[in-house]
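J.: sequence unknown, structure follows:
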């Protein structure tokens, strides 16, 4: 599994945790680590999600040690089912030893936690001892919470064990990269330059055909195309010396779908919309029915959004549409709550009710019930209103309730973006 001589180092990523296998939580660490490794010129060959069972986890770790790099997340805590360190040592054929400095550090943290919670430190002592055990020869690179990150050289493989919580993993990841084993491994890789293209409203097949028409990737340029909520995320990973080929591919992709291109950097449409509003000195409000506040949530996920985003009216019931947003009753009677006319009245009402310069409204049928032949599940109307004019769109989304709501929220933000940027 290791790389060929002169080839890029290859990595295996193991995300451990029974909650990931059961579907209670989604693995965020595997994609983060894969993206980080690509930028370093290390090929992420596989991501394995495995439960906490001893046999399954040991097998995944042993298999991962056949690569140049093994990155493991999760299983570093104080409980009985946190087995990553123990099983990594076993797979590598080394003993577990107590790192005294690490034990002192975790004990100090745990005593502070015990005092804050007004609990006896004895409740934490066993976990402190457990988390201070590391594979013989491993480097302890840091602690987040009480979980340490360690780097172990196991023959030709470098293994990194990181905590499961994404914030903790992302805090300790740079420290792991700065260790001597990782510096040596990174020197074998060829750092790639990543170019980003973001499209909205163009079919994935059209972009794939444009790539094929340009000769496809290769020649030092790898291209990935990923569809997300009707956005297409296209990334070009460029090796040194392949810049001209990357320019050619990039130009062809842009020319073929220029009117659908909305960004050439890693950003979200919510970020873009907020930036456009700031630049024009405008404020924004939302009026939401079927999305139930998802549009507002995406906006407020962006730090600093409060300077331009005023708020939202979630008007699920018709009584709220009329009472809070001023939607005329005859509009609801004549056209229905799911209609272009109601969406327009909601947007105008939100501007007045919340005193915003711009407003966007969403109404639709997210399902699974409530659809009719005339108005099926997935039908969504979006309307954006501002001093520069009005824009509206009717959409028919496939998918389940969550998919429809998320796609409608993205559509609403892109409609505001178009209102702010297109004549």
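T.: Received, thanks. Everything numeric in this text was worked out from a predicted model, so none of it was measured.
J.: need the three-state assignment for the closest residue to residue 50 other than its chain neighbours.
T.: Here the nearest residue to residue 50 in space, its sequence neighbours aside, is residue 60; by C-beta to C-beta, 6 or more residues apart in numbering that works out to 4.5 Å. C-beta: built from backbone N, CA, C; applies to glycine. Three-state secondary structure (criterion: DSSP: H, G, I helix; E, B strand; the rest coil) places residue 60 in helix.
J.: residue 60: how many residues sit nearby?
T.: In terms of burial, residue 60 registers 23 neighbours under the definition other C-beta atoms under 10 Å.
J.: does it touch residue 13 like I think?
T.: No. Judged on C-beta atoms under 8 Å, residue 60 makes no contact with residue 13 at a distance of 10.1 Å.
J.: list the residues that contact both of those two?
T.: Residues within reach of residue 60 and of residue 13 at once, by C-beta atoms under 8 Å, 6 or more residues apart in numbering, are residue 48.
J.: check what pLDDT residue 6 gets.
T.: According to the per-residue confidence, residue 6 scores 42 in pLDDT.
J.: and if you look at residue 1?
T.: For residue 1, the pLDDT comes out at 48.
J.: repeat that for residue 293.
T.: The pLDDT attached to residue 293 in the predicted structure is 98.
J.: these two touch, right, it and residue 314?
T.: Yes. With contacts counted by C-beta under 8 Å, residue 293 reaches residue 314, the gap being 4.9 Å.
J.: now do the shared contacts for the two.
T.: Common contact partners of residue 293 and residue 314 (C-beta under 8 Å, 6+ apart): none.
J.: just for this structure, where's the confidence low?
T.: Applying pLDDT under 70 to the chain flags the ranges 1-6.
J.: buried residues, stretch 154-168. List them.
T.: For stretch 154-168, a neighbour-count test (16 or more other C-beta atoms under 10 Å) marks 154, 157-165, 168 as buried.
J.: and what of stretch 219-232?
T.: With burial defined by 16+ other C-beta under 10 Å, the residues of stretch 219-232 counted as buried are 220-223, 225, 229-232.
J.: check stretch 188-204 too.
T.: For stretch 188-204, using 16+ other C-beta under 10 Å, the buried residues are 189, 192, 195, 197-200, 202.
J.: dump those residues to JSON lines, plus distance to residue 303 and secondary structure.
T.: Compiled in JSON lines, the buried residues of stretch 188-204 are given as follows (distance: C-beta to C-beta, whole Å; DSSP: H, G, I helix; E, B strand; the rest coil):
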{"residue": "189", "distance to residue 303": "33", "secondary structure": "coil"}
{"residue": "192", "distance to residue 303": "29", "secondary structure": "coil"}
{"residue": "195", "distance to residue 303": "26", "secondary structure": "strand"}
{"residue": "197", "distance to residue 303": "25", "secondary structure": "strand"}
{"residue": "198", "distance to residue 303": "20", "secondary structure": "strand"}
{"residue": "199", "distance to residue 303": "26", "secondary structure": "strand"}
{"residue": "200", "distance to residue 303": "23", "secondary structure": "strand"}
{"residue": "202", "distance to residue 303": "30", "secondary structure": "coil"}
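J.: run a quick neighbour tally on the nearest residue in space to residue 219 that is not next to it in sequence.
T.: Taking C-beta to C-beta, 6+ apart, and ignoring the residues beside it in sequence, residue 219 has residue 245 as its nearest neighbour in space, at 4.7 Å. For residue 245, the count of nearby residues is 19 (other C-beta under 10 Å).
J.: if we can go back for a sec, now the buried residues of stretch 188-204 in a markdown table, with distance to residue 407?
T.: As requested, the buried residues of stretch 188-204 are exported to a markdown table (distance: C-beta to C-beta, whole Å):
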| residue | distance to residue 407 |
| --- | --- |
| 189 | 37 |
| 192 | 31 |
| 195 | 26 |
| 197 | 20 |
| 198 | 16 |
| 199 | 15 |
| 200 | 11 |
| 202 | 15 |
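J.: which one of those residues is nearest to residue 282?
T.: Compare each of these with residue 282 using C-beta to C-beta and the shortest gap goes to residue 200, at 21.0 Å.
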